[in-house]
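Undergrad: generate a structure from the sequence data that follows.
(chains A and B)
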Protein chains: 2
Amino acid sequence: MVKCLYNVIPKLTVVLFAISLLGCVASPGLRLDDSGETPVSSVYQATVAQLISAALADSFAYNRLAELTDSFGPRFSGTKNLEDAIDWILEEMKQDGFENVRGEEVMIPRWVRGNEWARLESPWKKDLAMLGLGGSVATPAEGITAEVLVVGSFEELKKRADEAEGKIVLFNVPFTNYGETVRYRYAGASAAAKAGAVASLIRSVGPFSMNTPHTGGMGYEEDIPKIPHAAITMEDAMMLGRMAERGERIVASLYMEAHFEDDVSSRNVVAELVGRENPEEIVVLGGHIDSWDVGQGAMDDGGGCVAAWQAVKLMQDIGLRPRRTVRVVLWTNEENGLRGGNGYRDAHREELDNHILAMESDAGVFKPEGFGFSGSPEALSIIREIAQLLQPIGAGEIKEKGGGADIGPIMKEGVPGMGLNVDGSNYFWYHHTNADTMDKLDPHEMNLCVAAMAVMAYVVADMPERLPR
Amino acid sequence: MVKCLYNVIPKLTVVLFAISLLGCVASPGLRLDDSGETPVSSVYQATVAQLISAALADSFAYNRLAELTDSFGPRFSGTKNLEDAIDWILEEMKQDGFENVRGEEVMIPRWVRGNEWARLESPWKKDLAMLGLGGSVATPAEGITAEVLVVGSFEELKKRADEAEGKIVLFNVPFTNYGETVRYRYAGASAAAKAGAVASLIRSVGPFSMNTPHTGGMGYEEDIPKIPHAAITMEDAMMLGRMAERGERIVASLYMEAHFEDDVSSRNVVAELVGRENPEEIVVLGGHIDSWDVGQGAMDDGGGCVAAWQAVKLMQDIGLRPRRTVRVVLWTNEENGLRGGNGYRDAHREELDNHILAMESDAGVFKPEGFGFSGSPEALSIIREIAQLLQPIGAGEIKEKGGGADIGPIMKEGVPGMGLNVDGSNYFWYHHTNADTMDKLDPHEMNLCVAAMAVMAYVVADMPERLPR
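TA: Coordinates of the predicted model:
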């Protein structure tokens, strides 16, 4: 298998392709097998050139994403925005000529933010830009006004637990990395409630702010009182931190109407380019169509959805039909439930053995660097060989371990998974904020993401042998 | 005069100073006069070293600015915040040991923002982050709901004037530079009203946004109907622009309570280090103590105020008393009236001939690069010589032309003026926004600004001859 793939792409042709396509240096590191075997798929080099060329030809993908996000806005689980957007996508996909276009029903949670605000009351009055955290309970109808206890960590809260009774605890925790800092968003409320706090606030989870609060999911521990939990901006959290250091008494008010309503029906969007020889074997690629209820959900994850969609559209436009089925899936409810990913696993359980590969783009369609891959060492070697085809556009780096939230459930069932890796420099500036908007994305970078996904998906779907598990 | 100044600072000493202070390379470009004249002020080299060393010693200036801006918030003309901040500053200056500390009364305008909001109504409902522009009138009490006409320039509005009747005009003008783009903020309302519009919106004046509207002053032409005028975010303006390009019908609502009330009393803060030989001769330095009613006014212009204040405090702390008086002035009402600058000119008209130099910092206390200077060629040469003393901290560049809004009125009366020039890369990201907060400033960069202002003010105040006009 690996040997065959070595032979797929004669080195010189790749070099010429790389030069002709991008005027850049030759693909480094491609090893050429001299065994003399006939290349099984010597067509790939030309096909890949076609796919990349088509991907970079215009701003169709960017404009389609703009139309989606401008026309329907953020696509929060349980909203008409989301279902209207799904209706529009299904219609567009049919018009594109996709096969088996359908919405697969999934029941999803409906958390409603409602009106909400926070205000500094003392030492001076100031509206605090804020976003309630997804899953939080409401305040009492009259709101909460209380002294603020500022802490820098869970450890500090434990040490100062006797000061927290009846107060609003603010976790003023600087961003280090997402995994480290998001713990306060997810678990801050219960930690504060254990110490007797009546509400909890976090410094928004991000490295840079222009008065930009970040929302995101949170949870409550069982048997601990549920208290309202919201994010304020980094600026305000830092200011309150400085005030506390000066020994000033801080009083704030918080009002939130947040609550859950009954689960509602949503859909995973599914569309296919049916395989010509092994239609039962499936390469899945996609992103999540829901977003938080702020901004446009352009980066997270409208871009991933449209990039995957466009990757398969390019195959169609060029007239390609790979051996296996290529299936675009736009999962619903990633942000506050993962019901789409779980629902897909349940609905397609019988097919999972024939899921050859699942690929997700959910890190923003910034300049792509390659993929992270989770699968067997044998499969990893093959993926690395295919990725050589992406060196000309700088997207050929394959890292071990990768995937995505939505494909997590089927990866646990044994499906090899991969996630598109991109330049993530600014991802957490915009993540879950009103600044996640079209202008943060670049049409050419998005096209490069489309190219990377198209090439990888096509070759895996078309190569003679199945990607081994 | 120039010759004397050449001799002030023996080259070797400056080099040693530069190396010892910052571990960096020698001051380039210092010319040494070999005429053999006795240096008139050979003490400056050591004094400058003392001033710079003291300026860089700790974060006192930054912490004082943080205390000011954290304790009183933004300091908008006509607010208690502003007057409370002025009271606090006067008290602190007295405790610092400044002489002739006083508030000099100035009557200032009081524009009140009131409640305000904007909302996209169609094609979908979205709250539009916005800020009314300073000086705007209110909407009718029921607000305004109207179709939006998006234009990219005054010229386009003129061409499409027949489409504007009864609509809200949005000037979706990308930021090029402040002078070019701010025209739409200042003059957009009357241009739109001439075409029959009922309200006008601008794309916020700045190069980068994270859902960050920018306020700022605006004006109305006489005999043109006054319509409400507000700024929305760059993101939303671009989105509406894309919608318009797609031919979509856009409807928005605007509500503003903005209005003027009677003028109120405010104060220019004045404090002195009285000169030991020519106390009637004055070097003025300062910034404006008022800010817009958003953020903390940390960059614009709390930082300039505290830097000037600190520059003179350092002279006191070191025990310096220059020949001439050094006067710190924190002007009021720069942002929406310039009454402080005009009032200072009027109150000190008799003294203006003895104003040797006026210096302002109002470009943010980012990394200083030098000064812009407006004065005679002879004075410019002297200033350039003095600036050599700032080469070790990289702040020795003197550009022709410079000043500041608040010192503009006295510069027009003949007072030589200068403005601190800094790295302005991000200034317009935060300008007049809720993101103008302490965290955008850096203690060391602020200290460098203090050092630059202290050295320049001290040498001009102390050198044997007056800076010529």
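Undergrad: which bits of the stretch 101-250 of chain A sit near chain B?
TA: Counting by Cβ under 8 Å from any Cβ of the partner chain, the residues of the stretch 101-250 of chain A close to chain B are A:123-124, A:126, A:129, A:209-212, A:234-235, A:238-239, A:242-243, A:246, A:248. To be clear about C-beta, it is placed using only N, CA and C from the backbone, and glycine gets the same treatment.
Undergrad: I'd say residue A:210 and residue B:429 touch.
TA: Yes - Residue A:210 is within contact range of residue B:429, at 6.8 Å (criterion: Cβ atoms under 8 Å).
Undergrad: the more surrounded of these two?
TA: residue A:210 (25 against 19; other Cβ atoms under 10 Å in any protein chain shown).
Undergrad: so that one sits in a helix?
TA: No - assessed with DSSP: H, G, I helix; E, B strand; the rest coil, residue A:210 is coil; it does not lie in a helix.
Undergrad: residues shared between the contacts of residue A:210 and residue B:429?
TA: Residues touching both residue A:210 and residue B:429 by Cβ atoms under 8 Å, 6 or more residues apart in numbering or on different chains: B:212, B:435.
Undergrad: what's the burial count for the residue nearest to residue A:428 when sequence neighbours are not counted?
TA: Leaving aside its sequence neighbours, residue A:428 sits nearest to residue A:206 (Cβ to Cβ, 6 or more residues apart in numbering or on different chains; 4.8 Å). By other Cβ under 10 Å, the residues close to residue A:206 number 25.
Undergrad: contacts only, for residue A:206.
TA: Applying Cβ under 8 Å, 6+ apart to residue A:206 gives the contacts A:175, A:212, A:214, A:234, A:428-429, A:431, A:433.
Undergrad: equivalent analysis for residue A:432, please.
TA: A:131, A:205, A:214-216, A:292, A:294, A:300.
Undergrad: now do stretch A:192-201: everything it contacts.
TA: Contacts of stretch A:192-201 (Cβ under 8 Å, 6+ apart): A:118, A:130, A:139, A:144, A:146, A:148-149, A:157-158, A:161, A:164-171, A:188-189, A:191, A:224-232, A:237, A:252, A:254.
Undergrad: please list only the buried members of the residues you listed.
TA: Among the contacts of stretch A:192-201, those buried by neighbour count (16 or more other Cβ atoms under 10 Å in any protein chain shown) are A:118, A:130, A:139, A:144, A:146, A:148-149, A:157, A:161, A:164, A:167-171, A:188-189, A:191, A:227-232, A:237, A:252, A:254.
Undergrad: show me where the stretch 251-400 of chain A has strands.
TA: Taking DSSP state E, counting those that start in this stretch as the test, the strands found in the stretch 251-400 of chain A are A:251-256, A:259-273, A:278-288, A:324-331, A:355-360, A:368-374, A:397-400.
Undergrad: would CSV of the ones you listed with distance to chain B and mean pLDDT be doable?
TA: Listed next are the strands of the stretch 251-400 of chain A as CSV, based on distance: least, Cβ to the nearest Cβ, whole Å; pLDDT from 0 to 100:
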stretch, distance to chain B, mean pLDDT
strand A:251-256, 14, 98
strand A:259-273, 18, 98
strand A:278-288, 20, 98
strand A:324-331, 20, 98
strand A:355-360, 26, 98
strand A:368-374, 23, 98
strand A:397-400, 29, 98
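Undergrad: quick one: the helices in the stretch 101-250 of chain A?
TA: Remark: helices assigned in the stretch 101-250 of chain A by DSSP state H, counting those that start in this stretch are A:154-159, A:178-194, A:234-245.
Undergrad: make that the stretch 301-450 of chain A, sorry
TA: A:303-318, A:339-347, A:377-387, A:408-412, A:427-430, A:443-462.
Undergrad: next, count neighbours for residue A:65.
TA: Residue A:65 has 27 neighbouring residues, counting by other Cβ under 10 Å.
Undergrad: do the same with residue A:408
TA: 18.
Undergrad: what's the closest non-adjacent residue to it?
TA: residue A:341 (6.1 Å).
Undergrad: put together TSV for the strands of the stretch 251-400 of chain A, with distance to residue B:466 on each row.
TA: What follows is those, written out as TSV (distance: least, Cβ to Cβ, whole Å):
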stretch	distance to residue B:466
strand A:251-256	54
strand A:259-273	72
strand A:278-288	70
strand A:324-331	75
strand A:355-360	72
strand A:368-374	63
strand A:397-400	66
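Undergrad: quick one: closest of those strands to residue B:397.
TA: Judged by Cβ to Cβ, the one of these that comes nearest to residue B:397 is strand A:368-374, at 39.8 Å.
Undergrad: now that closest one, how far from the centre of its chain.
TA: Computed by Cα atoms, centre = their mean, to the nearest Å, the separation of strand A:368-374 from the middle of its chain amounts to 14 Å.
Undergrad: what's the domain layout of chain A?
TA: A:2-109+A:263-462, A:114-257 (automatic domain parsing).
Undergrad: out of the strands of the stretch 251-400 of chain A, which is closest to residue B:182?
TA: Residue B:182 sits nearest to strand A:251-256 of all the strands of the stretch 251-400 of chain A, at 35.5 Å, using Cβ to Cβ.
Undergrad: helices or strands next to that closest one in the packing?
TA: strand A:116-122, strand A:144-151, strand A:199-203 (3 or more Cβ pairs under 8 Å, 6 or more residues apart in numbering or on different chains; DSSP states H and E).
Undergrad: quick one, what contacts the nearest residue to residue A:280 once chain neighbours are set aside?
TA: Excluding its sequence neighbours, the residue lying closest to residue A:280 (Cβ to Cβ, 6+ apart) is residue A:354, at 5.2 Å. If you count contacts by Cβ under 8 Å, 6+ apart, residue A:354 has them with A:280-282.
Undergrad: who does the residue nearest to residue A:215 when sequence neighbours are not counted bridge with?
TA: Distances taken as Cβ to Cβ, 6+ apart place residue A:131 nearest to residue A:215, at 4.0 Å, with adjacent residues excluded. Following DSSP bridges, residue A:131 is listed with bridge partners residue A:231.
Undergrad: give me the number of residues near residue A:131?
TA: If you count neighbours by other Cβ under 10 Å, residue A:131 ends up with 25.
Undergrad: same check on residue A:145?
TA: As a burial measure, residue A:145 scores 17 neighbours (other Cβ under 10 Å).
Undergrad: what does residue A:102 give?
TA: Residue A:102, neighbours per other Cβ under 10 Å, totals 14.
Undergrad: wait, it touches residue A:270, no?
TA: Yes - if you go by Cβ under 8 Å, residue A:102 and residue A:270 touch, sitting 5.5 Å apart.
Undergrad: can you list the helices of the stretch 101-250 of chain A in a markdown table and add mean pLDDT and distance to residue B:62?
TA: Compiled in a markdown table, those are given as follows (pLDDT from 0 to 100; distance: least, Cβ to Cβ, whole Å):
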| stretch | mean pLDDT | distance to residue B:62 |
| --- | --- | --- |
| helix A:154-159 | 98 | 24 |
| helix A:178-194 | 98 | 25 |
| helix A:234-245 | 98 | 11 |
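Undergrad: if you count neighbours, what's buried in stretch A:413-429?
TA: A:415-422, A:426-429.
Undergrad: follow-up on the earlier one: who wins on neighbours among the contacts of residue A:354?
TA: Within those, residue A:282 tops the neighbour count with 24 neighbours, counted by other Cβ under 10 Å.
Undergrad: follow-up on the earlier one: pick out the shakiest of the domains of chain A, pLDDT-wise.
TA: For those, the weakest mean pLDDT is recorded on domain A:2-109+A:263-462, namely a mean of 89.
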